[in-house]
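Participant: sequence-free structure coming up:
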């Protein structure tokens, strides 16, 4: 899956989870809440069927860089 489609799936998942939570909070009928929850659960399945990893839907952490944001070359220069 392309990064763009993963972002779209992540957004859809967040919206569906939010709608299910709001529906539950405001006391909407149980079939409505269940339908929203099941639709939200279908998003990771659809991602897997499209060849992606459902784990990609989780928020990604920025890559850790060592030091104070120096490049590898700068870090080597400081050591020597």
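Facilitator: Cool, the structure landed. Predicted, not measured: the structure shown is a model, and the values here were computed from it.
Participant: the helices in the chain, which residues?
Facilitator: Under the criterion DSSP state H, helices of the chain are mapped to 3-25, 30-49, 72-79.
Participant: Residue 60: which of those helices is closest?
Facilitator: Across the helices of the chain, residue 60 has its closest neighbour in helix 3-25 (9.6 Å, CB to CB). From N, CA and C alone the C-beta is placed, and that goes for glycine too.
Participant: gap between the closest one and the chain center?
Facilitator: Put simply, helix 3-25 sits 9 Å off its chain's centre (CA atoms, centre = their mean, to the nearest Å).
Participant: before we move on, what about stretch 30-48?
Facilitator: On CA atoms, centre = their mean, the centre of stretch 30-48 falls 15 Å from the chain's centre.
Participant: List the buried residues in stretch 39-59.
Facilitator: Buried residues in stretch 39-59, counted by 16 or more other CB atoms under 10 Å: 40, 43, 44, 47, 52, 56, 57.
Participant: distance between the ends of that stretch?
Facilitator: Taking CA to CA, to the nearest Å, stretch 39-59 runs 20 Å from one end to the other.
Participant: and that stretch, average pLDDT?
Facilitator: The average of the pLDDT scores along stretch 39-59 is 87.
Participant: what does it rub up against?
Facilitator: With contacts defined as CB atoms under 8 Å, 6 or more residues apart in numbering, stretch 39-59 is touched by 1, 5, 6, 9, 10, 12, 13, 16, 17, 20.
Participant: about what we covered before: ok, of the helices of the chain, where does mean pLDDT dip lowest?
Facilitator: Checking each of the helices of the chain, the one with the poorest mean pLDDT is helix 72-79, at a mean of 67.
Participant: Residue 9: neighbour count?
Facilitator: Residues near residue 9, counting by other CB atoms under 10 Å, number 20.
Participant: Which residue is the nearest non-sequential neighbour of it?
Facilitator: Nearest residue to residue 9 in three dimensions, chain neighbours excluded: residue 47, at 5.3 Å (CB to CB, 6 or more residues apart in numbering).
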